[in-house]
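Asks: quick one, what's the 3D model for this:
(one chain, ligands or ions: 1)
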Amino acid sequence: MIGITSEMSKGGSLLYERVAGEITGLVEQGTFRAGDKLPSLRQLSRRFDVSINTVMQAYALLEDKRLIQARPQSGYYVRSRVPEIRESLLPGGPVNTPTTVTISELCHQIMHNMMNRELLPLGSAIPSSQNLPIDKLNRIMAGELRRLGEQGILYQVPGYERLRVQIARRSLAAGISSGPDEILVTSGCVEAVFLALRTTCRSGDTIAVESPFYFNFMQMIAELGLKALEIPSTPRDGISIEALRYALEQEKISACLVITNFSNPLGSLMPEERKRELVELLARHEIPLIEDDIYGDLTFDNERPTTAKAFDREGRVIYCSSFSKTLAPGYRVGWAIAGRYQAEMERLKMIMNIAPASPPQLALAEFLATGGYDHHLRSIRRTHARNITQMADAVARHFPTGTRMTHPAGGFILWVEMPEGIDAITLYHRALEEQISIVPGPLFSLTAKYGHHIRLSAAQWDEKIEQGIRTLGRLASELLARKIPGRA
Ligand SMILES: Cc1ncc(COP(=O)(O)O)c(C=O)c1O
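Replies: Next up, the predicted model:
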């Protein structure tokens with residue numbers, strides 16, 4: 001039963017510590033578990049018969065101890081207890097040597113499995129349809145096609161103007177001032193990045209990327225005959241500017257490709273100052289920055305983070321994004337704001353496929369103008385934040401001791417580092433036998449790194465997913481026990 005004795009309430013300055021102790025007890029007993037919302041300040045003040053200020057102090061103390069976390073305009077939540085990965089994940093010297101990419105059959109198979117609806121999607125970075133406004137989008141799409149008639153079947157080059165106006169308006173929140181004419185609508189963010197690479201690099205060139213890095217871009221780099229130079233990255237700050245500076249002195253680099261906000265797979269958020277430093281450093285070397293900001297709107301904070309493009313004074317940053325993580329991956333609507341590279345990217349886009357499909361552009365333009373996008377974002381951010389805490393807690397309970405993971409402040413991806421004895425690719429195959437799909441760490445590097453890491457997706461959280469995490473933890477423990485006899 002909750003209650004602070006009157007003796008305690010006489011405890012003067014330590015009163016808030018006692019309240020904090022009571023709350024800690026409730027968490028330890030499992031009354032409130034990771035991801036659960038804690039009672040409001042008012043409720044606890046009444047319950048413990050103390051002032052709201054005392055409860056606030058107690059919550060602040062528990063925040064310092066990392067037992068709970070505040071979410072703006074939402075309240076206080078129990079944190080997950082899994083140890084956090086903070087340092088750079090790339091072992092060895094500051095910079096590796098550029099590597100030619102070899103596309104493995106495994107990578108292709110894993111991408112296929114990510115789309116296989118028969119499998120439990122524990123690895124795929126696709127938003128859950130449960131969290132997307134499907135009915136609303138369907139209604140809007142039907143209405144737009146009826147209302148606009150031929151606009152739905154004609155080419156929209158360089159994209160439907162009303163959509164480009166909406167994107168230009170929304171870009172202000174990301175620190176980008178651009179006119180609709182500076183926006184090129186693409187078939188998803190992937191095409192925007194592809195066009196950017198084609199525009200800025202020639203076969204044999206070297207491109208600097210974060211490590212670990214989104215595997216689909218690794219394939220793209222390979223297809224274009226480019227070499228990737230992996231720069232260490234931390235879950236907290238993203239790509240190391242210091243290592244990149246060093247690399248720029250050692251190697252001829254043609255472009256740099258970075259996911260600045262809630263990167264895939266680390267979930268890192270580059271602080272504003274680092275974004276500025278990155279842009280200035282590359283500008284000094286006259287090197288273009290390709291910025292992927294596909295997760296930027298999925299912050300757990302009230303305000304979305306700024307972008308590197310916001311600091312671009314010379315038009316050298318090619319900003320790329322899409323609605324695939326927030327509204328409709330299947331619509332295939334993305335965009336680029338490419339500065340000095342805009343004309344060349346438009347030319348290439350025209351050669352490749354003229355224009356993206358028109359109907360999804362009409363629907364998204366109307367949704368952005370009238371559909372309550374901000375309301376939708378608030379809801380999906382809350383859901384992801386809760387899912388991430390719950391998944392992290394489940395990993396803490398079911399995976400072998402020594403497992404660590406990232407604590408992202410946005411997006412819905414978790415990067416899990418298991419004890420070294422566990423081979424992530426073997427775990428991937430074992431999980432498939434149990435109808436579970438995950439993405440093993442080695443896909444995120446070109447040089448056999450991250451062999452005991454996996455990427456998990458917290459886009460969805462329910463009993464089935466929890467059961468999947470339990471199974472995965474058991475499989476990981478079995479693999480470890482085989483490696484270290486005597487360990488259960
Ligand atoms: C960092 C990043 N960029 C791009 C994409 C794909 O974007 P789109 O579906 O808009 O082409 C993904 C999907 O996982 C991603 O994680």
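Asks: please tell me how far residue 368 sits from the ligand.
Replies: Distance, residue 368 to the ligand, using CB to the nearest ligand atom, to the nearest Å: 16 Å. (Glycine included, C-beta is placed from N, CA and C.)
Asks: again with residue 142
Replies: Distance from residue 142 to the ligand, counting by CB to the nearest ligand atom: 23 Å.
Asks: how close does that residue get to residue 330?
Replies: Distance of residue 142 to residue 330, computed by CB to CB, to the nearest Å: 16 Å.
Asks: cool, residue 377 as well?
Replies: 19 Å.
Asks: also residue 323?
Replies: Distance of residue 323 to residue 330, computed by CB to CB: 10 Å.
Asks: who's more crowded, those two?
Replies: Neighbour count, other CB atoms under 10 Å: between residue 323 and residue 330, residue 323 has more, with 24 against 10.
Asks: wait, what's in contact with residue 350?
Replies: For residue 350, the contact set (CB atoms under 8 Å, 6 or more residues apart in numbering) comprises residue 157.
Asks: can you name the element that comes right after the host helix or strand of it?
Replies: Secondary structure assignment for residue 350, by DSSP states H and E: helix 342-353. In the C-terminal direction, the helix or strand that comes right after helix 342-353 (DSSP H and E) is helix 358-370.
Asks: who are the packing partners of that next one?
Replies: Using 3 or more CB pairs under 8 Å, 6 or more residues apart in numbering; DSSP states H and E, the elements in contact with helix 358-370 are helix 134-148, helix 161-171.
Asks: is there any residue in the helix or strand that it is followed by that contacts the ligand?
Replies: Remark: after helix 358-370, the chain's next helix or strand is helix 373-398, criterion DSSP H and E. No: no part of helix 373-398 sits near the ligand under the criterion CB under 6 Å from any ligand atom; the closest distance found is 14.0 Å.
Asks: quick one: average pLDDT of helix 373-398?
Replies: Averaging pLDDT along helix 373-398 gives 95.
Asks: okay, the angle between it and helix 161-171?
Replies: Using axes from the mean of the first three to the mean of the last three CA atoms, to 10 degrees, the inter-axis angle of helix 373-398 relative to helix 161-171 is 60 degrees.
Asks: which strands or helices does the next helix or strand after helix 373-398 pack on?
Replies: Using DSSP H and E, the helix or strand that follows helix 373-398 in sequence is strand 404-405. Packing contacts for strand 404-405, counted by 3+ CB pairs under 8 Å, 6+ apart, involve strand 413-417.
Asks: residues contacting the helix or strand just after the strand it packs on, please?
Replies: Per DSSP H and E, the first helix or strand lying C-terminal to strand 413-417 is helix 424-433. Residues outside helix 424-433 that contact it (CB under 8 Å, 6+ apart): 106, 110, 113, 119, 122, 418, 437-442, 450-454, 471-472, 475-476, 478-479.
Asks: for residue 123, helix, strand, or coil?
Replies: With DSSP: H, G, I helix; E, B strand; the rest coil as the basis, residue 123 sits in coil.
Asks: surely residue 373 is in contact with residue 366?
Replies: No: contact criterion CB atoms under 8 Å: residue 373 and residue 366 do not qualify, at 10.9 Å.
Asks: from residue 78, how far out is the residue of the stretch 101-250 of the chain found nearest the ligand?
Replies: Across the stretch 101-250 of the chain, the shortest distance to the ligand (CB to the nearest ligand atom) belongs to residue 188, at 2.6 Å. Residue 188 is 37 Å from residue 78, where distance means CB to CB.
Asks: can you check residue 268 too?
Replies: From residue 268 over to residue 78 the distance is 24 Å, taken as CB to CB.
Asks: then residue 192?
Replies: Counting by CB to CB - residue 192 and residue 78 are separated by 39 Å.
Asks: hang on, residue 242 in a strand?
Replies: No: counting by three-state DSSP, residue 242 falls outside a strand, being helix.
Asks: what is the burial count for it?
Replies: Residue 242 has 12 nearby residues by other CB under 10 Å.
Asks: and the gap between it and residue 228?
Replies: Computed as CB to CB, the residue 242 to residue 228 distance reads 19 Å.
Asks: ok, residue 377 next?
Replies: Distance from residue 377 to residue 228, by CB to CB: 32 Å.
Asks: between these two, which is the more surrounded one?
Replies: For residue 377 versus residue 228, the count of surrounding residues by other CB under 10 Å is larger for residue 228: 24 against 16.
Asks: okay, buried residues for the helix holding residue 350 please.
Replies: 342, 345-346, 348-349 (16 or more other CB atoms under 10 Å).
Asks: can you check stretch 126-138 too?
Replies: Quick answer for stretch 126-138 (16+ other CB under 10 Å): 126-128, 131-133, 136-137.
Asks: among those, give me the pair with the biggest separation.
Replies: Farthest-apart pair in the buried residues of stretch 126-138 is 126 and 136; separation 19.2 Å (CB to CB).
Asks: what about the strands in the stretch 51-200 of the chain?
Replies: Here the stretch 51-200 of the chain has its strands, by DSSP state E, counting those that start in this stretch, at 68-71, 75-78, 99-100, 120-121, 183-186.
Asks: alpha carbons only: can I get the second one in PDB?
Replies: As requested, the backbone C-alpha atoms of strand 75-78 are provided in PDB (Å, rounded to 0.1, in the frame of the first residue of the first chain):
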ATOM      1  CA  GLY A  75       4.400  13.100 -17.500                       C
ATOM      2  CA  TYR A  76       7.000  10.800 -15.900                       C
ATOM      3  CA  TYR A  77       7.700   7.300 -17.000                       C
ATOM      4  CA  VAL A  78       9.700   4.400 -15.700                       C
END
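Asks: mind giving me the packing neighbours of it?
Replies: helix 52-64, strand 68-71, helix 373-398.
Asks: looking at these, which is buried most?
Replies: Highest mean neighbour count among those (mean count of other CB atoms under 10 Å): helix 373-398, with a mean of 20.
Asks: by contact count, what packs against that helix?
Replies: Counting by 3+ CB pairs under 8 Å, 6+ apart, helix 373-398 packs on strand 75-78, strand 413-417, helix 463-483.
Asks: enumerate the residues of the stretch 101-250 of the chain near the ligand.
Replies: So far as CB under 6 Å from any ligand atom goes, the stretch 101-250 of the chain lies against the ligand at 125, 188-190, 214.
Asks: tell me the one of those nearest residue 18?
Replies: residue 125 (43.7 Å).
Asks: please pull out the lowest mean pLDDT helix or strand from this structure.
Replies: Using mean pLDDT, DSSP states H and E, helix 6-9 stands out as the lowest-scoring helix or strand of the chain, at a mean of 45.
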